[in-house]
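*Asks:* Build me a structure from this.
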Amino acid sequence: MPIFNKQTEFMSRYLTTTVVIVGFWMVAIVLILGFHRFSYTGAKSIFSSDMIGYYSYLPAMFIYHDLDLGFAENNPNYPDDLYWKKTTPIGKPVIYYTYGMSLLYLPFFLVAHTLALIGIAPPNGFSWIYTLVIQLGTAGYTILGFFVLKKLLLRYFNERLTATALLILALGTPLFYYTFNESMMSHGASFMLFVGFFSAVDYWYSKPSFKSSIVLSSLISLIILVRPPNGIVIVWFVFWGWHRHGFWKTRIEFWWKNRKQVFIMLFVLAGFVFPQLLYWKLQSGSWFYKAYPDHMELDFLNPHLWNVLFSFRKGWLVYTPIMGIALLGFIFMKPMVLNVPRWLWVLFFCLSIWVISSWEIWWYGGSFGMRALIEYQAVLVFPMAFFIQRVMDVKKNVLRRLIWVVMGLFILLNIVQTFQYRAGIIHWDGMTYSVYKQVFGRLVIPKDELEQIHHDLDLPSYE
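*Replies:* I've put the predicted structure just below:
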């Protein structure tokens, strides 16, 4: 039975993985250039919110040689309150965030700084050349993730189905927004790291070597340093290749047999983590220091599961309904995918939801959708592809077409809501059912009317 019927002949002929990925890349570049914020100070700058926290290490170290951030005091170009920092018991400031994203920004920062030094822009670490080059570079991380994901999907699905899954992922989820508008946020890079990790784990267990050990450990290290809660991926590494009988015995024997490679991995991990520990030691007097504000905690006994999944403030399935199809896809998955049993795929996702829901600021600040789950779509794209495969096999044309229409509407909804969020129609952290209903599907709302609608916002407390 043909995978695509006559009504989808266009897709069958022209929809390829390369077209999808390169097309998404070109769209992202055009939108980045079109929407680029050339201002480099204040709330309108791309260097604000979490992104300035991620980035702070680079200008502090390479330009101002001042980890105390003294260069920002009483300076209107990059005011002190731009930085998200905490004063430690020894009176020094410490940046909220670990340095993982700074490490990923580094090659693009160096390119931008070189261009600034030859006169293109002020070489202060914050002028437009830095924001532009780093935004374009970090968007490239997302695209790299797509290329790696393509290879993994093609192990189980044909070219057209893989291209369809990638297209849905690109346009039907907040990954779209975080690729072109806030690519400096951690989620596109984390998506790439997740995909690379899944591929590297599979390769390492098949061919443990010096090179594969360095690659795998580097990916694990970066995943943890970019967003520490994402260290839950260790579960995937431990349970890879699960089998019922004698698993732990064979697993421990495998690690012991390849103990040199395991030692290399631990050494690489220590190499990545040590600079962070040293920074905390210098700034706080302690090797381990909680840099986040004291009121921001993980409370595993009181997760906000309903709010994370279904609330109108940030509910994952409200703002990314296409992922509901991915959840249904778990039913149709093969018993073993990427040498990982289906039950572990489900368990890994459930554990991830639990951890993400346990953050006291469960809406994750001002953001579009449930951004903390974006990188986990690297996992969910597989059950989604199995669901699509099942749809292809549905014999009743009416039902099959209906499912395609629903998925198409979900993609359209994501695109519309993306531009609503960017226009300020969808509020960054105060949405309610009343507001959502009044702005639904509207791309242009007069300012006076929008202000009236936003009277129904429910602004959260960060204290």
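*Asks:* list the contacts for the closest residue to residue 112 other than its chain neighbours?
*Replies:* Across the structure, with C-beta to C-beta, 6 or more residues apart in numbering as the measure, the residue nearest residue 112 apart from its sequence neighbours is residue 133 (3.9 Å). For every residue, glycine as well, the C-beta is placed using N, CA and C. Taking C-beta atoms under 8 Å, 6 or more residues apart in numbering as the criterion, residue 133 is in contact with 108-109, 111-112, 115.
*Asks:* For the host helix or strand of residue 133, could you pull out the residues that count as buried?
*Replies:* Here residue 133 is covered by helix 128-153, with elements defined by DSSP states H and E. Within helix 128-153, the residues that count as buried by 16 or more other C-beta atoms under 10 Å are 128-150, 152-153.
*Asks:* and what of stretch 401-413?
*Replies:* Residues of stretch 401-413 classed as buried under the neighbour-count rule (16+ other C-beta under 10 Å) are 403-404, 407, 410-411, 413.
*Asks:* contacts for that stretch?
*Replies:* Residues outside stretch 401-413 that contact it (C-beta under 8 Å, 6+ apart): 7, 168, 171-172, 321-322, 325, 391, 394.
*Asks:* what about burial for these, which qualify?
*Replies:* Neighbour-count burial within the contacts of stretch 401-413 applies to 168, 171-172, 321-322, 325, 391; the criterion is 16+ other C-beta under 10 Å.
*Asks:* Narrow these to those in helices?
*Replies:* Among those, the members found in helices (DSSP state H) are 168, 171, 322, 325, 391.
*Asks:* export those residues to a markdown table and tack on pLDDT?
*Replies:* Written out in a markdown table, the entries for these read as follows (pLDDT from 0 to 100):
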| residue | pLDDT |
| --- | --- |
| 168 | 95 |
| 171 | 95 |
| 322 | 96 |
| 325 | 93 |
| 391 | 89 |
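*Asks:* Closest to residue 99 out of those residues?
*Replies:* Closest to residue 99 out of those is residue 171 (32.2 Å), distances taken as C-beta to C-beta.
*Asks:* nearest residue to that closest one other than its sequence neighbours?
*Replies:* Taking C-beta to C-beta, 6+ apart as the measure, residue 171 lies nearest to residue 411, with 5.1 Å between them; neighbours along the chain are not counted.
*Asks:* go on, residue 307?
*Replies:* Spatially, and ignoring its direct neighbours in sequence, residue 307 is nearest to residue 362 (5.6 Å; C-beta to C-beta, 6+ apart).
*Asks:* Hmm, the one you found is touching residue 304, no?
*Replies:* Yes - at 3.9 Å, residue 362 counts as touching residue 304 under the criterion of C-beta atoms under 8 Å.
*Asks:* so residue 368 sits right up against residue 425, yeah?
*Replies:* No - contact status for residue 368 versus residue 425: not in contact, 11.6 Å apart, counting by C-beta under 8 Å.
*Asks:* helix or strand for the most centrally placed residue in the chain, which one?
*Replies:* The chain has residue 187 as the residue nearest its centroid, 1.9 Å off, counting by C-alpha atoms, centre = their mean. In this structure, residue 187 sits in helix 186-206 according to DSSP H and E.
*Asks:* Could you identify the helix or strand that succeeds that helix?
*Replies:* Per DSSP H and E, helix 186-206 leads on to helix 210-226 as the next helix or strand towards the C-terminus.
*Asks:* and the angle from that following helix to helix 186-206?
*Replies:* Taking axes from the mean of the first three to the mean of the last three C-alpha atoms, to 10 degrees, one finds that helix 210-226 is oriented at 150 degrees with respect to helix 186-206.
*Asks:* Give me the helices and strands touching the helix or strand just after helix 210-226, please.
*Replies:* The C-terminal neighbour of helix 210-226 among helices and strands, as given by DSSP H and E, is helix 234-239. In terms of contacts (3 or more C-beta pairs under 8 Å, 6 or more residues apart in numbering; DSSP states H and E), helix 234-239 is packed against helix 186-206, helix 210-226, helix 342-357.
*Asks:* Would you indicate which residues of helix 234-239 are buried?
*Replies:* Taking 16+ other C-beta under 10 Å as the criterion, helix 234-239 shows 236-237, 239 as buried.
*Asks:* after that helix, next one along is what?
*Replies:* On the C-terminal side of helix 234-239, the closest following helix or strand by DSSP H and E is helix 247-257.
*Asks:* what angle do that following helix and helix 186-206 make?
*Replies:* Relative orientation of helix 247-257 with respect to helix 186-206: 90 degrees, computed using the same axes, to 10 degrees.
*Asks:* List the contacts of residue 259.
*Replies:* If a contact means C-beta under 8 Å, 6+ apart, then residue 259 has no contacts.
*Asks:* Compute the distance between it and residue 248, please.
*Replies:* Taking C-beta to C-beta, to the nearest Å as the measure, residue 259 falls 17 Å from residue 248.
*Asks:* same check, this time on residue 93
*Replies:* Distance, residue 93 to residue 248, using C-beta to C-beta: 46 Å.
*Asks:* now swap in residue 257 and tell me
*Replies:* Using C-beta to C-beta, one obtains 15 Å as the distance from residue 257 to residue 248.
*Asks:* With neighbour numbers in mind, choose between those two.
*Replies:* Taking neighbours as other C-beta atoms under 10 Å, residue 257 and residue 248 compare with residue 257 leading, 11 against 8.
*Asks:* tally of neighbours for residue 118?
*Replies:* 8.
*Asks:* go on, residue 331?
*Replies:* 11.
*Asks:* tell me the pLDDT at it?
*Replies:* For residue 331, the model assigns a pLDDT of 95.
*Asks:* any idea how far residue 159 is from it?
*Replies:* Residue 331 sits 24 Å away from residue 159, taking C-beta to C-beta as the criterion.
*Asks:* For residue 146, give me the pLDDT.
*Replies:* On the pLDDT scale, residue 146 is placed at 96.
*Asks:* burial of the nearest residue to it once chain neighbours are set aside, as a residue count?
*Replies:* Spatial nearest neighbour of residue 146, excluding adjacent residues (C-beta to C-beta, 6+ apart): residue 21 at 4.7 Å. When counting by other C-beta under 10 Å, one arrives at 22 neighbours for residue 21.
*Asks:* name the element residue 21 belongs to?
*Replies:* Under the criterion DSSP H and E, the helix or strand holding residue 21 is helix 17-35.
*Asks:* ok so, going back, among residue 368 and residue 425, which residue is more densely surrounded?
*Replies:* More crowded of residue 368 and residue 425, by other C-beta under 10 Å: residue 368, with 24 against 21.
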